[in-house]
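>>> Got a predicted model here, sequence first, then my questions.
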Amino acid sequence: SRLNGVILPEKPRGGMYAFFAFDGEPDSAAVCRRVLENARVGLAPGHLFGEASRAFVRLCVFREENQLRTALDRMVEGLR
């Protein structure tokens, strides 16, 4: 509920990365810069994985649960 506006391309089936977009944010490189500056969380911009993925970002989720929760909380605050 705190991540309203987060768009997943499809239901995740496994893996160590989450690939998602933010509604109304077509330039993932700009989002990645904002998140890094404001929340100190590193994301990879989608254009690195193909032009069709330009609006998406990639987050490594191969971390301890508490680290992920902290990162997601900081992202939510950093994007406000």
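Ah, there it is.
>>> helix, strand or coil for Ala21?
At Ala21, secondary structure determined by DSSP: H, G, I helix; E, B strand; the rest coil is strand.
>>> hey, where'd the helices end up in this protein?
Taking DSSP state H, the helices of the chain run over residues 28-39, 65-78.
>>> which regions of this protein lie under the pLDDT threshold?
Along the chain, segments meeting pLDDT under 70 span 1-4, 8-12.
>>> Kindly recompute the last result at 90.
Applying pLDDT under 90 to the chain flags the ranges 1-16, 18, 22-25, 61-65, 68-69, 72, 75-80.
>>> Please name the nearest non-neighbouring residue to the residue at minimal distance from the centre of it.
Against the mean C-alpha coordinate of the chain, by Cα atoms, centre = their mean, the closest residue is Val57 at 4.7 Å. Once flanking residues are discounted, Val57 sits nearest to Leu43: 4.3 Å by Cβ to Cβ, 6 or more residues apart in numbering. The way it works is simple: take the backbone N, C-alpha and C, and place the C-beta from them, glycine included.
>>> list the contacts for the one you found?
Going by Cβ atoms under 8 Å, 6 or more residues apart in numbering, Leu43 touches Ser28, Val31, Cys32, Val35, Leu36, Val57, Arg58, Leu59.
>>> List buried members of the residues you listed by neighbour count.
Neighbour counting with 16 or more other Cβ atoms under 10 Å marks Ser28, Val31, Cys32, Val35, Val57, Arg58, Leu59 as buried within these.
>>> From Leu48, how far out is Ala29?
For Ala29, the distance to Leu48 equals 9 Å [Cβ to Cβ, to the nearest Å].
>>> Arg63 - nearest residue in space that isn't next to it in sequence?
Leaving aside its sequence neighbours, Arg63 sits nearest to Ala71 (Cβ to Cβ, 6+ apart; 7.5 Å).
>>> close enough to count as contact, the one you found and Val35?
No: the pair Ala71 / Val35 is not scored as a contact, 9.4 Å apart, by Cβ atoms under 8 Å.
>>> any residues in contact with both of the two?
Counting by Cβ under 8 Å, 6+ apart, the residues touching both Ala71 and Val35 are Val41.
>>> quick one on the thing from earlier: which one of the helices of the chain lies closest to Phe19?
Minimum separation from Phe19 across the helices of the chain (Cβ to Cβ) falls at helix 28-39, 10.4 Å.
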